[in-house]
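Novice: Kindly generate the corresponding structure for this input.
(chains A and B)
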Amino acid sequence: MIEISGSFWIVLTGVLATASCGLLGTFLVLRKMSLLGDALSHAVLPGIAIAFLLSGSRAIVPMFLGATLFGLVTTLLVEAFHKKWQVQEDASIGVVFTALFALGVVLITAFAGQVDLDQECVLYGEIAYTPWDLLLWGEYSLGPRPVWILGGVLAVNLLLVTLFYKELKIASFDPAMAVSVGINATLIHYLLMAMVSLTTVASFESVGAILVVAMLIVPGATAYLWSDRLEVVIGLAMFFGMSSAVVGYYLASYWDSSIAGAMVVVVGGIFLFSLLFSPNQGVLSRLWQRLQLSLQVAQDHMLLALVRRDEEVEERARLRPDELVGSAAVLGILAQMAFRRLRWRRLLQQVDGMVELSAAGEQVALGLLRKHRLWETYMNRLGLPEDHVHAPADVIEHFISAELEAELGAEVGDERDPQGKQIPPSG
Amino acid sequence: MSQNTHPIQIHDMTIAYHKKPVLWDVDLDVPEGQLVGIIGPNGAGKSTMIKAIMDLVPKASGWVKIYGKDYGEMRKIIGYVPQRESVDWDFPISALDVVLMGRYGHIGWMRRPGKEDRCIARESLDKVGMGDFAERQISQLSGGQQQRVFLARALAQDARIYMMDEPFAGVDAATERAIIDILVTLREQGKTILVVHHDLQTVTEYFNWVIMLNMRVVASGLTREVFTDENLQKTYGGRLTVLSQAAQAMAEQRRGDR
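Specialist: Presented below is the predicted three-dimensional model:
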């Protein structure tokens, strides 16, 4: 038999755990139940402890039963506190999970001497021991036990999410609608909570009670920054989770640090990266869009300044570059950039150290002037006084679409603008 | 017409939140093929009433019959348009996905929407003038467009009774017109439509039947018969509210004349 290295098993364990967490975590995040996921992952601890004490071993079935039971108890208690006894929802979550978690800690520490359940391992994970925790079939080794458990849990999760995808979707988006078409949203809620409990327990040994929360919430929240398709969000969440498991493991070996800790640091890094760089919602892309808009406005202002001069003088108007840059009425550096871009677009040409509109530039500038004056005329018609129409038109001219221009054009016809100036024809 | 053929019958229904009653002793009988406006001041229990009909809130007493049967048996023939603010419009799904949800009640557990369901969903989007926005993520739609998507979803339910919770809230005039046209078409097809409504000025124009609520049913019947000053006063409790509504209506008219 080919010898499979220990690190392979460790990475595989991490990948299986994070895949499950990412899958379910997406739904937690979308249902705005991140906090409940957090609560569940802690509150199942007494279930594990009790199962462990009763069965005297780390057999997985009692643990699953204990944890799922406590997961559902947590969900029930939170709902009861919140709905029946009118405790604030976040407060009831806080009360329930800390109390149950503390109970778990007490149980484990009180009986730690009698049983082999290590507080440290439950809290922080012990993924590094994975390769030696073998599942035996008679004398044959079938590979590490956690791999089988996590693989099984992932398979169950995938199966349930696939089967109940439509129900999960509608119950998450619009629970009242779900109920009205006969889909029991409460049942779906408990199903999801049971799956989260199960997954938490299975992942405990690899990432620990505290860090499993990160794997439930962070990949889902990250994926949500990248896509607006539910299927893609789920896929990305699983992918981000799994890659952080792989990268985290190698980082941990490099730093000689906690593997689970390194995985979470990586997934946190992916989140930060996404927050900055994601194309739709990223901080940088928003800054970039704002910069582009400012540049566009500055360019428009320069073109307008030139074309207005053209109207006043016989031949083509020329301005000194610094005069033109000054006309943009924006920050100096932005105006400089806008000026360079206009030249790059060949809308300006330079003659004897002065700048004037090129033929193409005149086209664009006349189009802008048309929009500006159409708007002014239209506003004037609505009965606004003359001194109220120029400044708004200065803003709106950059945003008038072709359709709106056509509409305004049809409205206004070949009138002159309020100052008696000609509106340039379209095209 | 015998009693049990009526689409909605409510008998002695009381609804309470945390033991505080919000709707008292409701007795109602809505005949088929009516476009019904449910009006009343804030907190009168308008939304609560349609939610109670659909079993979404528990009843303290009384019963509701849909064509003489329990709601559970009849839910497939009821279409629902919840308040627009009741859902998270940042949810990562497209307009078509939302409309497809109208088919879920017909599809059954664990099965996927099929070709026919997609077809119906697309047709429904077309009917509300949103055919071009099928693949658009719902957060990128305007308020009026979102409301149309909700209406399309109800159309996709292919129901005989429709419950709509403030479909005109926060939509522009064009969307309001488009929605009311669709409602009228539905009524002409013999469907029964219950609409929670706020704007008193359009009641007579839009609805041929009106239910006036203020924690109890003040009046219910043909609009031309029950939508009277006297009933309005009973519903809105005192002249002040009605007067301010009237003043607002006049202001709106003046704006419209410009």
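Novice: Would you pull up the residue in the stretch 101-250 of chain A closest to chain B?
Specialist: residue A:181 (3.2 Å; Cβ to the nearest Cβ). C-beta: built from backbone N, CA, C; applies to glycine.
Novice: Do a quick rundown of the strands in chain A.
Specialist: A:134-137, A:140-144, A:348-351, A:354-357 (DSSP state E).
Novice: swap that for the stretch 51-200 of chain B, sorry
Specialist: Secondary structure of the stretch 51-200 of chain B by DSSP state E, counting those that start in this stretch: the strands cover B:61-66, B:78-81, B:161-165, B:192-196.
Novice: CSV for the strands of chain A, including mean pLDDT and distance to residue B:129?
Specialist: Below are the strands of chain A laid out as CSV (pLDDT from 0 to 100; distance: least, Cβ to Cβ, whole Å):
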stretch, mean pLDDT, distance to residue B:129
strand A:134-137, 70, 60
strand A:140-144, 75, 59
strand A:348-351, 82, 44
strand A:354-357, 83, 42
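Novice: ok, residue B:187 to residue B:181 distance?
Specialist: 11 Å (Cβ to Cβ, to the nearest Å).
Novice: The two: which is more packed in?
Specialist: With neighbours defined as other Cβ atoms under 10 Å in any protein chain shown, residue B:187 and residue B:181 compare such that residue B:187 has more, 20 against 13.
Novice: Excluding chain neighbours, give the residue nearest to the more buried one in space.
Specialist: residue B:35 (4.5 Å; Cβ to Cβ, 6 or more residues apart in numbering or on different chains).
Novice: per-residue pLDDT, residue B:82?
Specialist: According to the prediction, residue B:82 has pLDDT 92.
Novice: Tell me how far residue A:201 lies from residue A:418.
Specialist: Taken as Cβ to Cβ, the span from residue A:201 to residue A:418 is 74 Å.
Novice: So for the two, which sits in the more crowded spot?
Specialist: Legend: neighbour count by other Cβ under 10 Å for residue A:201 and residue A:418, higher for residue A:201 (28 against 19).
Novice: Grab the most central residue of chain B for me.
Specialist: Closest residue to the average C-alpha location of chain B: residue B:164 at 1.6 Å, with Cα atoms, centre = their mean.
Novice: The closest residue to chain A within the stretch 51-200 of chain B: neighbour count?
Specialist: With Cβ to the nearest Cβ as the measure, residue B:105 is the residue of the stretch 51-200 of chain B nearest to chain A, at 3.2 Å. Neighbour count of residue B:105, defined by other Cβ under 10 Å: 24.
Novice: Would you confirm that it contacts residue B:157?
Specialist: Yes. Using Cβ atoms under 8 Å, residue B:105 is in contact with residue B:157, at 6.6 Å.
Novice: any low-confidence regions in chain B?
Specialist: Within chain B, the stretches with pLDDT under 70 are B:1-4, B:238-258.
Novice: Helices of that one, start to end?
Specialist: With DSSP state H applied, chain B shows helices at B:46-53, B:71-74, B:95-100, B:104-107, B:115-127, B:143-156, B:173-188, B:203-206, B:223-226, B:229-236, B:239-257, listed in chain order.
Novice: I'd like to know which of these lies nearest to residue A:7.
Specialist: In terms of Cβ to Cβ, the element of the helices of chain B nearest to residue A:7 is helix B:95-100, at 41.7 Å.
Novice: Need the residues that contact that closest one.
Specialist: With contacts defined as Cβ atoms under 8 Å, 6 or more residues apart in numbering or on different chains, helix B:95-100 is touched by A:169, A:173, A:230, B:113, B:117-118, B:121-122, B:124-125, B:130, B:133-136, B:138, B:141, B:145, B:149-150, B:152-153, B:156.
Novice: Same check on stretch B:17-32?
Specialist: Contacts of stretch B:17-32 (Cβ under 8 Å, 6+ apart): A:86, B:1, B:3, B:5-16, B:36, B:43, B:45, B:48-49, B:52, B:57, B:60, B:62, B:190, B:192, B:194, B:209, B:211, B:213, B:215-217, B:220.
Novice: Residue of the stretch 1-150 of chain A nearest chain B, please.
Specialist: residue A:30 (6.4 Å).
Novice: what's that residue in contact with, if anything?
Specialist: A:172, A:220, A:224, A:230, A:233, B:88, B:91, B:92.
Novice: Now the two most distant members of those.
Specialist: Every pair of the contacts of residue A:30 checked by Cβ to Cβ; the farthest is A:220 and B:88, at 14.5 Å.
Novice: When these two are compared, which one has more neighbours?
Specialist: residue A:220 (28 against 14).
Novice: The more buried one is in contact with residue A:29, isn't it?
Specialist: Yes. Counting by Cβ under 8 Å, residue A:220 touches residue A:29, with 3.8 Å between them.
Novice: picking up where we left off before, right, and the residue of the stretch 101-250 of chain A closest to chain B touches residue B:75 too?
Specialist: Yes. Using Cβ under 8 Å, residue A:181 is in contact with residue B:75, at 6.6 Å.
Novice: Which positions in chain A make contact with chain B?
Specialist: Contacts of chain A with chain B, taken as Cβ under 8 Å from any Cβ of the partner chain, map to A:30, A:32, A:86, A:163-167, A:169-170, A:172-174, A:176-183, A:224, A:227-230, A:232-233.
Novice: now, which of those lie within helices?
Specialist: Those of the residues of chain A next to chain B lying in helices (DSSP H): A:30, A:163, A:165-167, A:169-170, A:172-173, A:176-180, A:224, A:230, A:232-233.
Novice: so how many other residues sit close to the residue nearest to residue A:267 when sequence neighbours are not counted?
Specialist: Nearest residue to residue A:267, sequence neighbours excluded (Cβ to Cβ, 6+ apart): residue A:244, at 3.8 Å. Neighbours of residue A:244 under the rule other Cβ under 10 Å: 30.
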